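K.L.:
predicted coordinates and the sequence they were generated for:
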Amino acid sequence: MFNPRDKETRKQAMGIAAELSQEESAVVVFLCMDFANGYLVTGEVKELFEILSKQNLLSLDLLTELLYRIRRRDILRKMKVDVFSLESDLRSGKGYISSYRQLLVDISEGLSQEDLKSVLFLLGCQIPKGRLETVKTFLDLVVELEKAGKIDESNLAAVEDCLTNIRRIDLKRKILKYKQMGECVNSVRRSNTYQNVIPISVPQQECGFGPEHVGQNWEMSSVQPAFTNQLLGQHVHSNWPTLTIVSSEAAGAAALSSPVHESVQATAPGTSCTVRQCEPATYNMQSNPTGLCLIIDCIGNDANLLKETFEALHFRVLLHLYVELSEMEKILKETSERDDLAALDCFVCCIISRGTWDYVLAVDGNIPGLSSEKIQSYFKGQNCLPLLGKPRLFFVQNYLEPTADSELEIAGVPSNGDPIEVDGRVWGAPQEADILWGYCRVSQNLLHQVPQQPSSFMSTLSKCLRKHQRRWDLISILTEVNRKTMSMNQPMPLILQHTLRKKLVFP
């Protein structure tokens, strides 16, 4: 039966739509995508309101909440909305918009133009190239990542890693709190008789509307009152309340647009004191695949063994056999420019070749060949931005021409220690950070003594990686590799140099 009130609500919604800017309209559409995405065609807010009206989902409560979310206090005042009652309702769980949507809007608002460029660069490779041309904002990118199945309300790892890479720990903190509160809410739900529960949080910024609220933040409750699903059978996403930043940080809220480099301040649930929360002590190794492994075997003995090993460690493997020096340089450069590196958590490069004391010569034996510094340079700093902050591991077996008085000694890799700049922002660690160089030099005579046999170094490395996977960190594994190779009849010590800042454990 026709309800005159519905007509009045629709008329009011169209009036609101006319007052919104293009950016505000885009945010409103994004906030409502959980229950209108299947009907939206153009993404316009007027179309959204028409669709919600036809589906009997448009209500005054939804309109006022959307205005509150986009901070249009002026329109709320015109509508004579009791804002304090609205805030109270939202804090008690009477709301429509999921915390997942609000979280992403908060992150979008916190990104500077320089940050946005970096985010689009790092995550853009995860969506089809044809769609990337339409992506102009962070929320546009989120929609495409959702379509591609890369993120959802329970999986924000890609966004979290990206924020870490651009040093926006303050924005990553929002995701950590969202996840923490999600665990709390899920725990309560398991024992809650009410199933249609939608706890919701008010925006973390500009929560108050009167002078007495200026500079204050709400402490959100995880209490979940019963609230009947008003979306007529539409799926309602879990709505996880978000803890705000503690009052000791409120005075510095304006500084949150600047990156936090080393640590963050978090509020422990249910307390008002601050808890020091350091960055993880281990590298993130959760992407699927875990990373990319480049194998360049100019001898031909180790390729298959290494391929099996790193595939068992869930790496995507690129294999090249018997390459010339110029081709090796081309392979290294093209690999460092791959689009999929941003989505991976680790990079490994294995090179087996003849060489001199300081150079790899490939199959053609041209001198000088490639130095360790040259090989690493393709994957450092500005040359490979998607791998910033991620471990890059190099394992090299070099077969040397025998010399009478050669001694194995560590040749240091020079480092300028200079930080690099990404889109105008200084990266907190120098470009040498997060690199491991494992180098084994042996006599070329071994190729004649044990033809077609894998090198002792690569063989031992493979066995130890697979044996101690998920149990030992990489440095402990390499210590074991060195112990085993040094105990052989012909000692082959592993020269290990690294600038890893965390422990690395293969999944």
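P.N.:
Received it, and whenever you're ready, just let me know what you need.
K.L.:
can you give me the helices for the stretch 1-150 of the chain?
P.N.:
Assigned by DSSP state H, counting those that start in this stretch, the helices in the stretch 1-150 of the chain fall at 4-19, 22-31, 33-36, 45-54, 60-69, 73-78, 83-91, 99-110, 113-123, 129-132, 138-147.
K.L.:
out of the ones you listed, which is closest to residue 161?
P.N.:
Among the helices of the stretch 1-150 of the chain, helix 113-123 comes nearest to residue 161, with 8.4 Å by Cβ to Cβ. To be clear about C-beta, it is placed using only N, CA and C from the backbone, and glycine gets the same treatment.
K.L.:
need phi/psi at the residue nearest to residue 325 when sequence neighbours are not counted.
P.N.:
Excluding the flanking residues, the one nearest residue 325 by Cβ to Cβ, 6 or more residues apart in numbering is residue 362, at 4.2 Å. Note on residue 362: backbone dihedrals following degrees, to the nearest 10 are phi 60, psi -150.
K.L.:
so what's the residue count around residue 362?
P.N.:
By the criterion of other Cβ atoms under 10 Å, residue 362 has 23 neighbours.
K.L.:
what does residue 82 give?
P.N.:
11.
K.L.:
pull the contacting residues for the nearest residue to residue 24 once chain neighbours are set aside.
P.N.:
In space, and not counting its chain neighbours, residue 24 is closest to residue 70: 5.1 Å by Cβ to Cβ, 6+ apart. Residue 70 makes contacts with 20, 24, 27, 28, as judged by Cβ atoms under 8 Å, 6 or more residues apart in numbering.
K.L.:
quick check: the second one vs residue 395, distance?
P.N.:
As judged by Cβ to Cβ, to the nearest Å, residue 24 and residue 395 stand 53 Å apart.
K.L.:
just residue 157 next, same as before
P.N.:
27 Å.
K.L.:
the more surrounded of the two?
P.N.:
Neighbour count, other Cβ under 10 Å: between residue 157 and residue 395, residue 395 has more, with 25 against 15.
K.L.:
ok, back up a step: possible to save the helices of the stretch 1-150 of the chain as TSV with distance to residue 294?
P.N.:
Below are the helices of the stretch 1-150 of the chain laid out as TSV (distance: least, Cβ to Cβ, whole Å):
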stretch	distance to residue 294
helix 4-19	52
helix 22-31	39
helix 33-36	39
helix 45-54	47
helix 60-69	46
helix 73-78	55
helix 83-91	51
helix 99-110	33
helix 113-123	20
helix 129-132	23
helix 138-147	27
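K.L.:
residue 374: which of the ones you listed is closest?
P.N.:
Of these, nearest to residue 374 by Cβ to Cβ is helix 113-123, at 25.0 Å.
K.L.:
for that closest one, give the mean pLDDT please.
P.N.:
Helix 113-123 shows an average pLDDT of 89 in the prediction.
K.L.:
chain center to that helix, what's the gap?
P.N.:
12 Å (Cα atoms, centre = their mean, to the nearest Å).
K.L.:
now stretch 303-312
P.N.:
Counting by Cα atoms, centre = their mean, stretch 303-312 comes out at 27 Å from the chain centroid.
K.L.:
mind listing what's buried in it?
P.N.:
Along stretch 303-312, these residues count as buried under the neighbour rule (16 or more other Cβ atoms under 10 Å): 303, 305, 306, 307, 309, 310.
K.L.:
host element of the last one?
P.N.:
When you say that, I think you mean residue 310. helix 303-312 (DSSP states H and E).
K.L.:
so what secondary structure elements neighbour that helix?
P.N.:
strand 291-297, strand 315-321, strand 346-355, helix 456-467 (3 or more Cβ pairs under 8 Å, 6 or more residues apart in numbering; DSSP states H and E).
K.L.:
in TSV, list these along with mean neighbour count, distance to residue 150 and mean pLDDT.
P.N.:
Formatted as TSV, those follow (neighbours: other Cβ atoms under 10 Å; distance: least, Cβ to Cβ, whole Å; pLDDT from 0 to 100):
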stretch	mean neighbour count	distance to residue 150	mean pLDDT
strand 291-297	24	17	97
strand 315-321	16	16	95
strand 346-355	24	18	96
helix 456-467	20	28	94
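K.L.:
okay, those in a markdown table with distance to residue 163 next?
P.N.:
Conversion of those to a markdown table gives the following (distance: least, Cβ to Cβ, whole Å):
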| stretch | distance to residue 163 |
| --- | --- |
| strand 291-297 | 20 |
| strand 315-321 | 24 |
| strand 346-355 | 19 |
| helix 456-467 | 30 |
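K.L.:
so residue 365 belongs to a helix, correct?
P.N.:
No - under DSSP: H, G, I helix; E, B strand; the rest coil, residue 365 sits outside any helix and is assigned coil.
K.L.:
is it true that it touches residue 356?
P.N.:
No - when contacts are counted by Cβ atoms under 8 Å, residue 365 is not listed as touching residue 356 (9.6 Å).
K.L.:
give me the more crowded residue out of the two.
P.N.:
residue 356 (17 against 14).
K.L.:
pLDDT value on residue 305, please?
P.N.:
pLDDT at residue 305 comes out at 95.
K.L.:
model confidence score at the closest residue to it other than its chain neighbours, please.
P.N.:
Using Cβ to Cβ, 6+ apart and skipping residues adjacent in sequence, the residue nearest residue 305 is residue 454, 5.0 Å away. Looking at residue 454, its pLDDT reads 89.
K.L.:
swap in residue 25?
P.N.:
pLDDT, residue 25: 89.
K.L.:
list the contacts for it?
P.N.:
17, 44, 45.
K.L.:
from those residues, list just the buried residues.
P.N.:
17, 45.
K.L.:
which one of the contacts of residue 25 sits closest to residue 370?
P.N.:
Out of those, the member with the shortest distance to residue 370 (by Cβ to Cβ) is residue 44, at 55.2 Å.
K.L.:
I'd say that closest one and residue 28 touch.
P.N.:
No - using Cβ under 8 Å, residue 44 makes no contact with residue 28, being 10.0 Å away.
K.L.:
returning to that earlier point: mind checking how far the residue nearest to residue 325 is from residue 327?
P.N.:
When residue 362 is compared with residue 327 (using Cβ to Cβ), they lie 7 Å apart.
K.L.:
ditto for residue 80
P.N.:
74 Å.
K.L.:
swap in residue 498?
P.N.:
From residue 498 to residue 327 the distance is 28 Å (Cβ to Cβ).
K.L.:
and for residue 300?
P.N.:
15 Å.
K.L.:
the two: which is more packed in?
P.N.:
Higher neighbour count among residue 300 and residue 327: residue 327, with 16 against 12, using other Cβ under 10 Å.
K.L.:
what helix or strand is that one on?
P.N.:
helix 325-336.
K.L.:
that helix - what's its average pLDDT?
P.N.:
On average, helix 325-336 scores 95.
K.L.:
can you list the residues that contact that helix?
P.N.:
292, 294, 296, 298, 318, 320, 323, 349, 351, 360-362, 364, 366, 369-370, 375, 378-379, 383-384, 387.
K.L.:
what about that helix, distance to the chain center?
P.N.:
27 Å.
K.L.:
and stretch 112-127, by the same measure?
P.N.:
Distance, centroid of stretch 112-127 to centroid of chain: 11 Å (Cα atoms, centre = their mean).
K.L.:
quick check: buried residues in it?
P.N.:
112, 115-116, 118-127.
K.L.:
what does stretch 474-493 give?
P.N.:
Those would be 474, 477, 478, 480, 481, 482, 484, 485, 492, 493, for stretch 474-493 by 16+ other Cβ under 10 Å.
K.L.:
which residue is nearest the centroid of the protein?
P.N.:
In the chain, the C-alpha nearest the mean C-alpha coordinate belongs to residue 161, at 1.8 Å (Cα atoms, centre = their mean).
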